[in-house]
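Novice: Provided below are the primary sequence and the corresponding predicted coordinates.
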Amino acid sequence: MPRLVPVFGHRFTPAAPSPSGSPVISAWQTDIIYCGANLLEYLADEYPLEQGRKTLSPISVRAPFWSRFVEAANRAEST
């Protein structure tokens with residue numbers, strides 16, 4: 001299982017050799033979701049300079065192991 005690098009609290013990004021622009025993942029026990037398409041989007045959404053929360057951009061970079069885990073969990077919840 002690839003390691004995660006802590007960003008803040010229970011938010012993480014995949015460690016190297018993960019591709020540049022990897023998503024930020026919230027991992028709390030078995031609840032694992034995307035929090036941002038990349039670190040810049042996560043920070044802009046978590047600490048906005050303007051009022052209003054934007055929607056999550058599509059995830060363009062898949063993180064080995066973790067993307068499969070998040071997507072499989074979300075498919076199971078929607079059925």
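Specialist: Nice, I can see it.
Novice: same for the helix or strand hosting residue 25, what does it pack against?
Specialist: Using DSSP states H and E, residue 25 sits within strand 24-28. Applying 3 or more Cβ pairs under 8 Å, 6 or more residues apart in numbering; DSSP states H and E, we find strand 24-28 packed against strand 4-8, strand 11-14, strand 31-36, helix 39-46. No exception for glycine: its C-beta is placed from N, CA and C like everyone else's.
Novice: partner strands of that strand and their direction?
Specialist: strand 11-14 (antiparallel), strand 31-36 (antiparallel) (DSSP bridges).
Novice: to residue 43, which of those strands lies closest?
Specialist: Of all these, strand 31-36 sits nearest to residue 43, with 7.6 Å by Cβ to Cβ.
Novice: check the offset of the closest one from the chain's centre.
Specialist: Per Cα atoms, centre = their mean, to the nearest Å, the displacement of strand 31-36 from the mean C-alpha position of its chain is 5 Å.
Novice: same check, this time on stretch 21-29
Specialist: 3 Å.
Novice: give me the residues contacting it.
Specialist: With Cβ atoms under 8 Å, 6 or more residues apart in numbering as the test, stretch 21-29 has contacts from 4, 7, 10-14, 32-39, 41-42, 59-61, 63, 66-67, 70.
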